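In: After the sequence you'll find the predicted model.
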Amino acid sequence: MMNISKFYLQTKTYYGIGCSRNLDRILKENGFRNVVILVDEGVKSKSEYFEEVQQIVSDNSHELNVEVLRGTEEPDYDYLDVIADKVRKMPKVDVLIGIGGGSCLDITKAAAVLKTNPGRGIEYRGFNKIKKAGIPTIAIPTTAGTGSEITINAVFTDKKEMKKLGINGHHMNATYAILDAEWTISCPTFVAVSSGMDALVHTLESFMCKQSNPLTRAFSREAFKNLYEALPCLVEDPQNKEKRQRLLLGAYLAGIALFNSGSGIAGALSYPLGVHYKIPHGIAGGIFISSVIEYNVNKGYLDYEELFDLVVTEENLSIEVKNRRFVELLQSLCKKLNVPRYLDKWGINSQNVDEVAKLMYPLQPAFDQNPIPFSGTTDALEMLRKHVA
């Protein structure tokens, strides 16, 4: 039987340093006159670029409303409803422009569909529950991480159940994405590293998950090369806009690969740890990803040779050696970026790790995307134990 895969990509993208200055063109070409900007509070307060771009939008709008979004914690469904209600009460909105990290862009995409679909956000939790297209959106990431600007996902926390599950599927893509490294320069180093590790986890897990295929792997490979080679700039050369632009490209390509294939263990582990222990999503994934790959290599999965060859030119190495060297490359990268190895900083230690492991029991469907069998009980506990001092 022929193996048939589906691939989805529907967002128009502008790419290049300073390309946000072309927003006037997008507004004019589409007749967008009534504009709402949803901007992360950190970007609003720290980025001089925001003032410049806001003026461009204002000069080309009939009416402009700016809503500042909190940036201190990941969004939940209650907060989404607050923002969506504000947008719903605006009589005329032609386009929503989201400027911020992944959380800001998720809110922008979700508020856009809640403008045209009734009810609370949590009623659309899951997959393909949105029936009517939302108003147009322009997603401008200020961090290179989630890839929300290109994915069909928007992740929110259900505070009642203390679980993360997003609004996913039809109509959840941004209409436009703008990849412009000018936005990333003011991003704090820790946030930039967390975002970058999130993108790295996306590209590695989309590459190895069971649903990957030659098309998604092409995106995964290109994303990995860009991310691996450019991530060190965050600590070594943070003002390098060319490398920051490569990070945005890597995160974008990783997002494409991820939502067209699947994720895996490191990403799944990070969700409950973020909800219950406030570990930043990208940092949590970065803590686990090299251990996940080492686990797979030890069990005989050796496809990482393809990724190793993209960034290291060394002849006469066996496939197994390349795979083991690949684990070492990732460990070295995490060390260079000051990604913690242990979870103790967030209150997870040898005394409570068994209780923490119980949070992983419901995640078996996500673990099952890994190419090697991984138990949500025994293997998850052992994985957690490796990362407590």
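Out: Here it is on my side, so go on.
In: List of residues touching stretch 301-308?
Out: With contacts defined as Cβ atoms under 8 Å, 6 or more residues apart in numbering, stretch 301-308 is touched by 204, 207-208, 217, 221, 224, 293, 297, 319-320, 322-323, 325-327, 329, 371-372. Glycine gets a C-beta too; all of them are placed from N, C-alpha and C.
In: List only those of those flagged as buried.
Out: Neighbour-count burial (16 or more other Cβ atoms under 10 Å) is assigned, among the contacts of stretch 301-308, to 204, 207-208, 217, 221, 224, 293, 297, 322-323, 326-327, 329, 371.
In: ok, those residues vs Thr313, which is closest?
Out: Lys322 (11.6 Å; Cβ to Cβ).
In: so the closest one sits right up against Asp309, yeah?
Out: Yes - using Cβ atoms under 8 Å, Lys322 is in contact with Asp309, at 7.2 Å.
In: Now intersect the contacts of stretch 301-308 with the helices, please.
Out: Of the positions in those, 204, 207-208, 217, 221, 224, 293, 297, 319-320, 322-323, 325-327, 329 sit in helices, assigned by DSSP state H.
In: From those, pick the one nearest Gly101.
Out: Closest to Gly101, out of all of those and judged by Cβ to Cβ, is Leu204, at 20.6 Å.
In: What score does that closest one have for pLDDT?
Out: At Leu204 the predicted local confidence, pLDDT, stands at 98.
In: so it sits right up against Ile289, yeah?
Out: Yes - look at Leu204 against Ile289 with Cβ under 8 Å: they come within range, at 6.0 Å.
In: Give the intersection of the neighbour lists for the two.
Out: Listed as contacting both Leu204 and Ile289 by Cβ under 8 Å, 6+ apart are Ala266.
In: Now do the buried residues in stretch 350-369.
Out: Here stretch 350-369 shows Val356, Ala357, Leu359, Met360, Leu363, Ala366, Phe367, Asp368, Gln369 as buried, counting by 16+ other Cβ under 10 Å.
In: Output these as CSV; include the columns distance to Asp180, pLDDT and secondary structure.
Out: Listed next are the buried residues of stretch 350-369 as CSV, based on distance: Cβ to Cβ, whole Å; pLDDT from 0 to 100; DSSP: H, G, I helix; E, B strand; the rest coil:
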residue, distance to Asp180, pLDDT, secondary structure
Val356, 39, 98, helix
Ala357, 42, 97, helix
Leu359, 38, 97, helix
Met360, 38, 97, helix
Leu363, 35, 96, helix
Ala366, 32, 96, helix
Phe367, 36, 98, helix
Asp368, 38, 98, coil
Gln369, 32, 97, coil
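In: Just give me the closest of those residues to Lys129.
Out: For the buried residues of stretch 350-369, the nearest to Lys129 is Ala366 (19.7 Å; Cβ to Cβ).
In: isn't that closest one right next to Ala268, touching?
Out: Yes - Ala366 is in contact with Ala268 according to Cβ under 8 Å; the separation is 3.6 Å.
In: So for Ala389, what's the pLDDT?
Out: On the pLDDT scale, Ala389 gets 87.
In: same check, this time on Ala192
Out: 97.
In: That one is in what secondary structure piece?
Out: Assigning secondary structure by DSSP states H and E places Ala192 in helix 189-208.
In: List the buried residues in that helix.
Out: Within helix 189-208, the residues that qualify as buried are 191-208, counting by 16+ other Cβ under 10 Å.
In: What are the boundaries of the helices in the stretch 151-300 of the chain?
Out: Secondary structure of the stretch 151-300 of the chain (DSSP state H, counting those that start in this stretch): helices at 189-208, 214-230, 233-236, 241-260, 265-277, 281-298.
In: got the angle between the first one and helix 281-298?
Out: Regarding helix 189-208 and helix 281-298, their directions subtend 40 degrees when assessed with axes from the mean of the first three to the mean of the last three Cα atoms, to 10 degrees.
In: Work out which residue lies at the spatial centre of this protein.
Out: Thr146 (1.3 Å; Cα atoms, centre = their mean).
In: Does that one touch Tyr252 like I think?
Out: No - applying Cβ under 8 Å, one finds Thr146 not in contact with Tyr252, separated by 10.2 Å.
In: give me the element Glu52 is part of.
Out: Using DSSP H and E, Glu52 sits within helix 48-59.
In: Could I get the average pLDDT for that helix?
Out: Averaged across helix 48-59, the pLDDT comes to 97.
In: Next secondary structure element downstream of the strand or helix carrying Leu96?
Out: Using DSSP H and E, the element containing Leu96 is strand 95-100. On the C-terminal side of strand 95-100, the nearest following helix or strand under DSSP H and E is helix 102-114.
In: one step back: tell me which other helices or strands the helix holding Ala192 touches.
Out: If you count contacts as 3 or more Cβ pairs under 8 Å, 6 or more residues apart in numbering; DSSP states H and E, helix 189-208 packs onto helix 214-230, helix 233-236, helix 241-260, helix 265-277, helix 281-298.
In: ok now that helix, how far from the chain's centre?
Out: Computed by Cα atoms, centre = their mean, to the nearest Å, the chain-centroid distance of helix 189-208 equals 7 Å.
In: CA atoms only for it, dumped as PDB, please.
Out: Extracted C-alpha coordinates of helix 189-208, given in PDB (Å, rounded to 0.1, in the frame of the first residue of the first chain):
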ATOM      1  CA  THR A 189      19.100  36.600  26.500                       C
ATOM      2  CA  PHE A 190      17.300  34.000  28.700                       C
ATOM      3  CA  VAL A 191      14.100  34.400  26.700                       C
ATOM      4  CA  ALA A 192      15.900  34.200  23.400                       C
ATOM      5  CA  VAL A 193      17.700  31.000  24.500                       C
ATOM      6  CA  SER A 194      14.400  29.500  25.700                       C
ATOM      7  CA  SER A 195      12.700  30.300  22.500                       C
ATOM      8  CA  GLY A 196      15.700  29.000  20.400                       C
ATOM      9  CA  MET A 197      15.700  25.700  22.300                       C
ATOM     10  CA  ASP A 198      11.900  25.400  21.700                       C
ATOM     11  CA  ALA A 199      12.600  25.700  17.900                       C
ATOM     12  CA  LEU A 200      15.500  23.200  18.100                       C
ATOM     13  CA  VAL A 201      13.200  20.700  19.900                       C
ATOM     14  CA  HIS A 202      10.600  21.200  17.200                       C
ATOM     15  CA  THR A 203      12.900  20.500  14.400                       C
ATOM     16  CA  LEU A 204      14.500  17.400  16.100                       C
ATOM     17  CA  GLU A 205      11.200  15.900  17.100                       C
ATOM     18  CA  SER A 206       9.500  16.600  13.800                       C
ATOM     19  CA  PHE A 207      12.500  14.900  12.100                       C
ATOM     20  CA  MET A 208      12.300  11.700  14.100                       C
END
